[in-house]
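1. Structural data only, the sequence is not supplied:
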């Protein structure tokens, strides 16, 4: 689209596309728009249609983050200060839904009235009529959404004598006059990229609206969880013990976000009895720089309303995406680029790690990596099948790879002394050739030919790097035609996926990400770039204390 030849809009006008009021983030940091207006050249009908269609599909613009409302009335009225409300009501000739910011206004009986901020997209749609002034941003939303507009005065979004085509062109021009910025880099952004980011933020806010309480969240990760689950609410999200959270959610007809490993059977039973949905929150697949067991808060989480992604006994939102999602060429290209970046920059679940000396390969032998796991981890308990712990996994790997050189990598949480699953080196070496410690997983995967896993995410990371993966359990990435599966894969997983389809669902569509610099929800590419930076987040006193605690407790585990 050209940007020349048309006059400028005043710089003090509120942009139609703007950021939600994220708590704890300065407005100037979160801003996606502002600054001097740009010149806009002649727009074709195709330009106008494409831009408005993108905004309409994203449902962004104006206060899209505000509370949605429902009404059966088809006429929506937005008066402003000085308007005679009773006169407008008489002109309408029938009941209407009134959105009025000031508290002193009254509307006639049989009309509906709200005096708080509401999401205009919940009210404006084809078949509805908006009565508003031409400088009201709801006039722009009505035009984009396909509602009929009856302007009471002329303004930047509508004039009384505009035909529908001219009104659409006027709104598109106003959108293009705005200067946009990428809040993560501070650099200029296109209107298309801005719409995409606002669409991401809207999807997160909508998914969070029903969550009124959280339970089982460790105190050291609550600040991040609050950001992941933020939505404008009448009351702040509360962190409560499980039963209390369920009671609160029942009274407000909402959901409870839970960390599954920290929720009791009593809480689950209470939720079932009261009809409260438990929304499971877990670490994401690109988590942070550091271990959760070291009290390093997550920068990525998975929020699932169906079930845990690592539980093959029931569907999850991730499994549904893998089995049913429509992967567009644009999304697959994005997934391929993301995969290339992750591999090139050596990113894994816990970010980068210090270099460590790896053992030399034996010439002419196939090298197989077997990553250990936390034996009481829920992914192992639910998806581990008949494998009886890490030592049994090593026995099975040797039976399947009798001629290979096998390297065993103990789980870092186990080696740190925080979790269960330790195998003595002497016992491990009865089945493997090397016990490998230290360094990052990405570097280790770059030295081997294949991976045998129980349910470890290492298998997924190995797929990203083109390695052969054998699954002895049933992780989320098993059963889609990309792995050798020795576990009992559920019949639900019939679809055959490409690697980029697996990446698109698993890393782009499913998890949530938090930028450690701005503290804003972000696309996965932003977090990957942050983790690859030389100045990646450092660990504080709490992490150091936790590591000493692990060293002291390790002999008793």
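-> Received it, and whenever you're ready, just let me know what you need. Note that the structure is predicted; figures quoted are calculated from it, not measured.
2. for this structure, which spans come out with low pLDDT?
-> Across the chain, the ranges flagged by pLDDT under 70 are 1-12, 287-296, 350-355, 534-557.
3. 50 instead?
-> Applying pLDDT under 50 to the chain picks out residues 1-11, 289-295, 351, 536, 538-554, 556-557.
4. all strands in the stretch 101-250 of the chain, in order from the N-terminus.
-> 112-114, 129-132, 148-151, 180-181, 188-189, 211-215, 238-239 (DSSP state E, counting those that start in this stretch).
5. any chance of those in CSV, plus mean neighbour count?
-> Glycine gets a C-beta too; all of them are placed from N, C-alpha and C. Supplementary listing: the strands of the stretch 101-250 of the chain in CSV, determined by neighbours: other CB atoms under 10 Å:
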stretch, mean neighbour count
strand 112-114, 15
strand 129-132, 24
strand 148-151, 19
strand 180-181, 20
strand 188-189, 15
strand 211-215, 24
strand 238-239, 16
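6. wait, which of these is closest to residue 427?
-> With CB to CB as the criterion, residue 427 lies closest to strand 211-215 of those, at 38.8 Å.
7. May I have the strands that pair with the closest one, each with its orientation?
-> strand 238-239 (parallel), strand 255-258 (parallel) (DSSP bridges).
8. So for residue 72, which of those sits nearest?
-> Closest among the strands paired with strand 211-215, using CB to CB: strand 255-258, at 26.7 Å.
9. just checking, what packs against the very next helix or strand once past the closest one?
-> Downstream of strand 255-258, the first helix or strand assigned by DSSP states H and E is helix 265-274. Secondary-structure packing of helix 265-274 (3 or more CB pairs under 8 Å, 6 or more residues apart in numbering; DSSP states H and E): helix 242-252, strand 278-283.
10. Can you say which of these is packed in most?
-> Sort the helices and strands packed on helix 265-274 by mean neighbour count, taking mean count of other CB atoms under 10 Å, and strand 278-283 sits at the top with a mean of 22.
11. Which elements pack onto that one?
-> strand 255-258, helix 265-274, strand 300-304.
12. quick one: which of the strands paired with strand 211-215 is nearest residue 34?
-> Here strand 255-258 is closest among the strands paired with strand 211-215 (CB to CB), at 33.3 Å.
13. What are the buried residues along that closest one?
-> Across strand 255-258, burial judged by 16 or more other CB atoms under 10 Å covers 255, 256, 257, 258.
14. How about the last one: which residues does it bridge to?
-> Going by DSSP bridges, residue 258 is paired in beta bridges with residue 215, residue 280.
15. so residue 451, which of the three states?
-> strand (DSSP: H, G, I helix; E, B strand; the rest coil).
16. coming back round to it: what's the closest of the helices and strands packed on strand 278-283 to residue 514?
-> Across the helices and strands packed on strand 278-283, closest to residue 514 is strand 300-304 (CB to CB), at 7.1 Å.
17. Direction included, what does the closest one pair against?
-> When DSSP bridges is applied, strand 300-304 pairs with strand 278-283 (antiparallel), strand 512-514 (antiparallel).
18. Identify the residues contacting the shortest one?
-> Counting contacts by CB atoms under 8 Å, 6 or more residues apart in numbering, the residues outside strand 512-514 that touch it are 204, 224, 227-228, 284, 286, 298-303, 520-524, 526-527.
19. what's near enough to touch the spatially closest residue to residue 223 that is not a sequence neighbour?
-> Closest residue in space to residue 223, ignoring its immediate chain neighbours: residue 297 at 7.1 Å, by CB to CB, 6 or more residues apart in numbering. Listed by CB under 8 Å, 6+ apart, the contact partners of residue 297 are 220, 221, 223, 224, 288.
20. and which of the residues you listed is nearest to residue 335?
-> residue 288 (21.8 Å).
21. Could you look up the SS state of the residue nearest to residue 223?
-> When classified by three-state DSSP, residue 297 comes out as coil.
22. what does residue 469 give?
-> strand.
23. re the thing from before, dump the contacts of residue 297 to a markdown table, plus distance to residue 233.
-> Formatted as a markdown table, the contacts of residue 297 follow (distance: CB to CB, whole Å):
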| residue | distance to residue 233 |
| --- | --- |
| 220 | 23 |
| 221 | 20 |
| 223 | 17 |
| 224 | 18 |
| 288 | 27 |
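24. Let me know the closest of these to residue 399.
-> Using CB to CB, those come closest to residue 399 at residue 288, 36.0 Å.
25. circling back: format the buried residues of strand 255-258 as TSV; extra columns: distance to residue 470.
-> Shown next, in TSV, are the buried residues of strand 255-258 (distance: CB to CB, whole Å):
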residue	distance to residue 470
255	38
256	38
257	35
258	33
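26. Which of these sits closest to residue 38?
-> residue 257 (41.5 Å).
27. tell me the contacts of the nearest residue to the closest one once chain neighbours are set aside?
-> Leaving aside its sequence neighbours, residue 257 sits nearest to residue 214 (CB to CB, 6+ apart; 4.4 Å). Each residue near residue 214 by CB under 8 Å, 6+ apart is listed here: 222, 225, 229, 237, 238, 239, 240, 245, 256, 257, 258, 281.
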